[in-house]
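**Q** no sequence on this one, just coordinates:
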């Protein structure tokens, strides 16, 4: 179950999307998110789908792998669909006793489900094709201007990349500790919410201790490798826009323009 | 009292494109009072296999029987199985969580439904069996040394009074004396308390010295299941599985090639010594 | 003076209670003297809690002496301005492979050290590729470290240190969490570096077999160096090692047992060939 979370897990491959500058992909994700909330009709939907399909195709990441990410939010998807279906005003379509489904409701739930799944797929294209380090490099450089307002951009970026690296490790660790405590008769399933919370202690304490130990080990290892903050650091892969990145920006803005125009004229 | 695994198969990630067949057609019977070693290359399915023995994993196909009862037939409580079959995972000290050593060891017995004083009693016994000095009982487990933490963690499972104790590399990362101490304690539990011990190990020298039955796992299946002597006679096949015989066994074979009349089935230093002395004095 | 030297090194860990008062003082190192020649392969043996890891951390300026002095390549570790230079000279590999890999891709992790040192991009690439070649991990340069085996991860960690081009590598129980195969991979890589690149290696371990190839072996107990000599000299003292909670490799043990039974076998047999020769010599 915990392994199904594909967001943040890099998928190694050689593709146009993989080789793009992370700043382009960040901007792309942002533009895509905006467009997801812009679309209101079938044409917008088609343009958006075509754009998404093109990105997926270009990224060479198997479609199946992307859809797997949706599993993690399946509950949210269903909940959104049901809520929208049941509580939307408008022209009645079907009615069983107190349950009233309206035409508006069907539209709403359909749109919301599409929006949410596109949102997840769109952003996971970014994380699947960009290593955490490149991604944080992109953020660090893209948001560098914030340094002037005393925002520690480098430190935040470093923290994020480390967090991303350790997510799968901590997931595995959780699984292991859970099994070990179950072997000692621990119960993580039954009981009411308070008992459940109390039953989590044998899992959470060792997990916290382990995370703490890892953090201090890692800090020591980083120091031993001469880490002393962002000052004077060079990069193995410095970010520099290539011809391809400029073209990609072009495509992105064109796409945004189309979506805006569609929104205005239709 | 016996644990039977009958044609057990287990697949990870079934229904995805990353299926792996971790355990293949494993059939095996573990009788009361045995001291069994399981060896195998990393990824040979050892860890997956032992998790079937106390119901942490359910076989994709095949059955697990405890005392003649199918543990997955719905009426068998897995919690009950886990009181009979205890598993100590790798680096068990990372699972300690209570404020004192004593409370931590009580965790298992309390989950079995024992009252505080009853749980205390079995905890004392387990701590004594693991040779934890009494002055440590009310210390925080986090203040102990690595080797002591390991012993406390084993005591935590032992306190549940299992008939069978499965340990996944209980000596990993410990110094030579620490390794020996743990193995001697386990051997005593087996001899004096008649607890069945299953030891997953990477050390051929350790299994050669302690266990009386050795199971070799290779790519998810059982490759050998015999006494250590019989298994190590197949040292050439073991090598193809990324394993080896103890160093002394190789040495005995070399001596034999040079024309010495030594016993090539020697697997411990003691046996090798006797055989070499006998050959020289002949 | 050798590349690394410690004189009367003392380290105390101060434990405080909840109010910040000193609860007790634990002396982890108690007057350690050490002098290591450049190019040597040094093994430091000792049981869990003997102080060997604390000593390792002094050789990289991660810990500072409570008393005494440590010099790395002639530089005193106590002077803050030397810290970065010392860490460039003496790279360090730790026990847990997962807790020392920082980046999500092998080559990016190897680049971490040189990036911190401000090495120009072009040169970082060269260093990364060269280092990965040295530990035979070039085929995995684009992989995520999470998908590697323990031995492979540890070799990546070694490459990460090599990319800083140190004169000396300190390995703090690098094989303690590995299976026999991983242990062999790491040891082969370390030995090769010492032989072909003349990198000084300081290996801290409690696997006796790993010390066989060392030019010099130190044994620690209770924060002190209690034995010192060549591998052969050390492994000849079987009983003494066992008193320090250690052991000897199985073949050495067999030779010792045979000797105790009255056979004229020399002390400090290290491998099968030597024992074979000794036994064949008897007839």
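**A** Great, that's in hand. These numbers come from a predicted model, not from an experiment.
**Q** so how far is residue B:177 from the spatially most central residue of chain B?
**A** Nearest to the geometric centre of chain B sits residue B:199, at 1.7 Å (C-alpha atoms, centre = their mean). Applying C-beta to C-beta, to the nearest Å, the value for residue B:199 to residue B:177 is 18 Å. C-betas here are computed from N, CA, C, even on glycine.
**Q** likewise for residue C:110?
**A** Taking C-beta to C-beta, one finds residue C:110 at 37 Å from residue B:177.
**Q** quick one: name whatever helix or strand follows the one helix or strand residue A:198 maps to.
**A** Assessed by DSSP states H and E, residue A:198 sits inside helix A:193-199. Scanning forward in sequence from helix A:193-199 by DSSP H and E, the next helix or strand is helix A:201-224.
**Q** and that following helix, what does it pack against?
**A** Packed against helix A:201-224 by the contact rule (3 or more C-beta pairs under 8 Å, 6 or more residues apart in numbering or on different chains; DSSP states H and E) you find helix A:153-183, strand C:90-93.
**Q** what segments of chain A are strands?
**A** A:92-96, A:99-102 (DSSP state E).
**Q** where in the chain is pLDDT low?
**A** Here I'm looking at chain A. For chain A, the stretches with pLDDT under 70 are A:1-8.
**Q** you answered for a different chain; I wanted chain B.
**A** Across chain B, the ranges flagged by pLDDT under 70 are B:15-17.
**Q** can you report how many residues neighbour the residue of the stretch 1-150 of chain B found nearest chain A?
**A** Minimum separation of the stretch 1-150 of chain B from chain A (C-beta to the nearest C-beta) falls at residue B:111, amounting to 3.1 Å. Residue B:111 has 21 neighbours, counted by other C-beta atoms under 10 Å in any protein chain shown.
**Q** residues contacting it?
**A** A:184, A:185, A:186, A:187, B:79 (C-beta atoms under 8 Å, 6 or more residues apart in numbering or on different chains).
**Q** out of those residues, which end up buried?
**A** A:184, A:185, A:186 (16 or more other C-beta atoms under 10 Å in any protein chain shown).
**Q** the residue nearest to the first one when sequence neighbours are not counted and chain C: what is the separation?
**A** In space, not counting the residues next to it along the chain, residue A:184 is nearest to residue B:108; the distance is 4.2 Å by C-beta to C-beta, 6 or more residues apart in numbering or on different chains. In this structure, residue B:108 lies at 26 Å from chain C, with C-beta to the nearest C-beta, to the nearest Å as the measure.
**Q** what residues does the stretch 1-150 of chain B have near chain A?
**A** Proximity of the stretch 1-150 of chain B to chain A, by C-beta under 8 Å from any C-beta of the partner chain, involves residues B:16-17, B:51, B:54, B:56, B:79, B:82-83, B:86-89, B:92, B:94-97, B:107-108, B:111-112, B:142.
**Q** switch the cut-off to 10 Å
**A** Residues of the stretch 1-150 of chain B lying close to chain A by C-beta under 10 Å from any C-beta of the partner chain are B:12-13, B:16-18, B:51, B:54-57, B:78-80, B:82-83, B:85-99, B:104-105, B:107-113, B:142.
**Q** what's the neighbour count on residue 251?
**A** Since no chain was named, I'll use chain A. The burial count for residue A:251: 14, using other C-beta under 10 Å.
**Q** wait, chain C was what I had in mind.
**A** Neighbours of residue C:251 using other C-beta under 10 Å come to 25.
**Q** which helices and strands does the helix or strand encompassing it pack with?
**A** Assigned by DSSP H and E, residue C:251 belongs to helix C:250-260. On a contact count with 3 or more C-beta pairs under 10 Å, 6 or more residues apart in numbering or on different chains; DSSP states H and E, helix C:250-260 meets helix B:204-210, helix B:247-257, helix B:269-281, helix C:231-235, helix C:238-243, helix C:272-282.
**Q** please identify the most buried of those.
**A** Ranked by average neighbour count under the criterion mean count of other C-beta atoms under 10 Å in any protein chain shown, these are headed by helix B:204-210 at a mean of 22.
**Q** strand partners (parallel or antiparallel) of the helix or strand following that helix?
**A** Downstream of helix B:204-210, the first helix or strand assigned by DSSP H and E is strand B:213-218. If you go by DSSP bridges, strand B:213-218 pairs up with strand B:35-40 (parallel), strand B:221-226 (antiparallel).
**Q** buried deepest among the ones you listed, which one?
**A** strand B:35-40 (a mean of 24).
**Q** check contacts around the residue nearest the centre of chain C.
**A** When C-alpha atoms, centre = their mean is applied to chain C, the residue found nearest the centroid is residue C:203 (2.0 Å). Residue C:203 sits next to C:41-45, C:56, C:93, C:169-175, C:186-187, C:190-191, C:194, C:210-211, C:213-214, C:217 when contact means C-beta atoms under 10 Å, 6 or more residues apart in numbering or on different chains.
**Q** how much space separates the residue lying closest to residue C:234 once chain neighbours are set aside from residue C:31?
**A** Using C-beta to C-beta, 6+ apart and skipping the chain neighbours, the partner closest in space to residue C:234 is residue C:217 (4.5 Å). For residue C:217, the distance to residue C:31 equals 19 Å [C-beta to C-beta].
**Q** looking at those two, which one has more neighbours?
**A** Set residue C:217 next to residue C:31 and count neighbours by other C-beta under 10 Å: residue C:217 wins out with 23 against 15.
**Q** can you tell me the SS state at that one?
**A** Residue C:217 falls in the strand class when you classify it by DSSP: H, G, I helix; E, B strand; the rest coil.
**Q** pick out whichever of the buried ones among the contacts of residue B:111 sits closest to chain C.
**A** Chain C has its nearest neighbour among the buried ones among the contacts of residue B:111 in residue A:184, at 23.3 Å by C-beta to the nearest C-beta.
**Q** quick one on the thing from earlier: between the strands paired with strand B:213-218, which one is nearest to residue B:154?
**A** Closest to residue B:154 of the strands paired with strand B:213-218 is strand B:35-40 (C-beta to C-beta; 15.5 Å).
**Q** near chain C, which residues of the stretch 51-200 of chain B? Just list them.
**A** Residues of the stretch 51-200 of chain B lying near chain C by C-beta under 10 Å from any C-beta: B:90-91, B:143, B:145-148, B:150, B:169, B:172-181.
**Q** do you have the helices of the chain handy? List them.
**A** Defaulting to chain A. Assigned by DSSP state H, the helices in chain A fall at A:16-19, A:22-38, A:42-59, A:63-71, A:74-86, A:103-129, A:132-142, A:153-183, A:193-199, A:201-224, A:243-265.
**Q** switch to chain C, that's the one I care about
**A** C:52-58, C:83-89, C:106-110, C:112-117, C:121-134, C:150-162, C:180-197, C:231-235, C:238-243, C:250-260, C:272-282.
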